[in-house]
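Trainee: one predicted model, sequence on top.
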Amino acid sequence: MNGSGTGPISLTEPLTGGCFCGAVSYALSAPPTMSAYCHCTQCQRLNGCPFVHTVHFRTSVFGWTHDGGADALDAFQNPSKPHKTRFRCKKCGCCVASFNKNTNNTSVWGAQLSRSQDGRIMRYDIVKPTAHIFYGTRMLDVPDEVTKWEGYPEKSRQLA
Ligand SMILES: [Zn+2]
Ligand SMILES: [Zn+2]
């Protein structure tokens, strides 16, 4: 887990990311509060993949950097989680961030963070996952050294 819980530490250079076509971009001025592989059934269905690398930040450290801000995006409110709004690029359709009104958290996906010329995610040391969450509903086993939880880290049963 990153951070001491006493407030975000500013980064000297922000973390950046965006959608596939480049029309939508964002920056984050502090390290994540959580970085994990999420195996929940919502992530599986919303993204069409077995699990995602989700990276959570306080909303106060998140900002859109493309012209038009949120107006340039489509928004989707999940009926089963109305406190969450997911934003999608209107052009390429990539979902790039999800805002949680209740917790004031914003999550982005590790795969959409900026990459260096060799294709690697830049500053991976800061955003590297430290847990597998909702591992009980996994579609495949991941035999790595990272801790595995039934729900959120420290708030649910540890599975491995
Ligand atoms: Zn796009
Ligand atoms: Zn999930």
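Mentor: Looks like it arrived, so ask away. Numbers count the residues shown, from 1 in each chain. Ligands and ions are numbered 1, 2, ... in the order given.

Trainee: can you show me the helices along this protein?
Mentor: 41-47, 124-127 (DSSP state H).

Trainee: can I get the ones you listed in CSV with mean neighbour count, mean pLDDT and distance to ligand 1?
Mentor: For every residue, glycine as well, the C-beta is placed using N, CA and C. As requested, these are arranged in CSV below (neighbours: other CB atoms under 10 Å; pLDDT from 0 to 100; distance: least, CB to the ion, whole Å):
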stretch, mean neighbour count, mean pLDDT, distance to ligand 1
helix 41-47, 15, 95, 15
helix 124-127, 15, 96, 21
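
Trainee: do stretch 144-152 and ligand 2 meet?
Mentor: No - legend: contact between stretch 144-152 and ligand 2 by CB under 5 Å from the ion is lacking; minimum distance shown is 10.2 Å.

Trainee: check the offset of that stretch from the chain's centre.
Mentor: In terms of CA atoms, centre = their mean, to the nearest Å, the centre of stretch 144-152 is found 16 Å from the chain centre.

Trainee: can you point out the buried residues in that stretch?
Mentor: 147-149 (16 or more other CB atoms under 10 Å).

Trainee: out of the helices of the chain, nearest to ligand 2?
Mentor: If you check each of these against ligand 2 by CB to the ion, helix 41-47 wins as the nearest, at 3.2 Å.

Trainee: quick one: residues in contact with that closest one.
Mentor: Residues outside helix 41-47 that contact it (CB atoms under 8 Å, 6 or more residues apart in numbering): 50-52, 54, 78, 80-81, 86, 95, 109, 134, 137, 139.
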